[in-house]
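Trainee: need coordinates for the below:
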Amino acid sequence: MDKLKKVLSGEDTEDRSGLSEVVEASSLSWGTRIKGFIACFAIGILCSVLGTLLLWVPRKGLHLFAVFYTFGNIASIGSTIFLMGPVKQLKRMFEPTRLIATIMVLLCFALTLCSAFWWHNKGLALIFCILQSLALTWYSLSFIPFARDAVKKCFAVCLA
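Mentor: Numbers count the residues shown, from 1 in each chain. Prediction:
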């Protein structure tokens, strides 16, 4: 209501881009955001588990695994869009502290699907799925303060 008053009285001199109008028009309540996050995350987990179960299907199992596992991980990452919003999510994904992790996750997604469909290399698809999990773990740790440093120190102690 205050915005309407400002616009009608001519006080709204703010230059508004089309993107900010779209974001404001599609804003969700906090309860709806939580429900969307839980639903999208649950779909991601379901796809990943289903992909793992489909791994044992003869001949097409690895292709189905690669697709469902990758789409499950994409849905899991996408679920956080409900909590932060799409613009803020993309900005945080490409911050300098997690830029390399984001690129590795996206690259592993693409290479997993390429190895399953275009190159028809089952071993490579499985390797990229494993790398996808590792990259996604490293990406997720970037959101927890000092978590990556702790993991690095643990590996340094274990390998020394």
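Trainee: mind checking how far stretch 127-138 is from the chain centre?
Mentor: Centroid separation for stretch 127-138 versus its chain: 13 Å, with CA atoms, centre = their mean, to the nearest Å.
Trainee: spell out the secondary structure type for the residue nearest to the spatial centre of the chain.
Mentor: Nearest residue to the geometric centre of the chain (CA atoms, centre = their mean): I77, 2.2 Å. Here I77 is recorded as helix under DSSP: H, G, I helix; E, B strand; the rest coil.
Trainee: how near is it to P58?
Mentor: Note on I77: its distance to P58, by CB to CB, to the nearest Å, is 31 Å. (Each C-beta comes from the backbone N, C-alpha and C, glycine too.)
Trainee: do the same with L131
Mentor: As judged by CB to CB, L131 and P58 stand 25 Å apart.
Trainee: compare those two and say which is more crowded by neighbours.
Mentor: Comparing L131 with P58 by other CB atoms under 10 Å, the one with more neighbours is L131, at 16 against 5.
Trainee: tell me who's in contact with that one.
Mentor: Residues counted as contacts of L131 (CB atoms under 8 Å, 6 or more residues apart in numbering) are 104, 108, 111.
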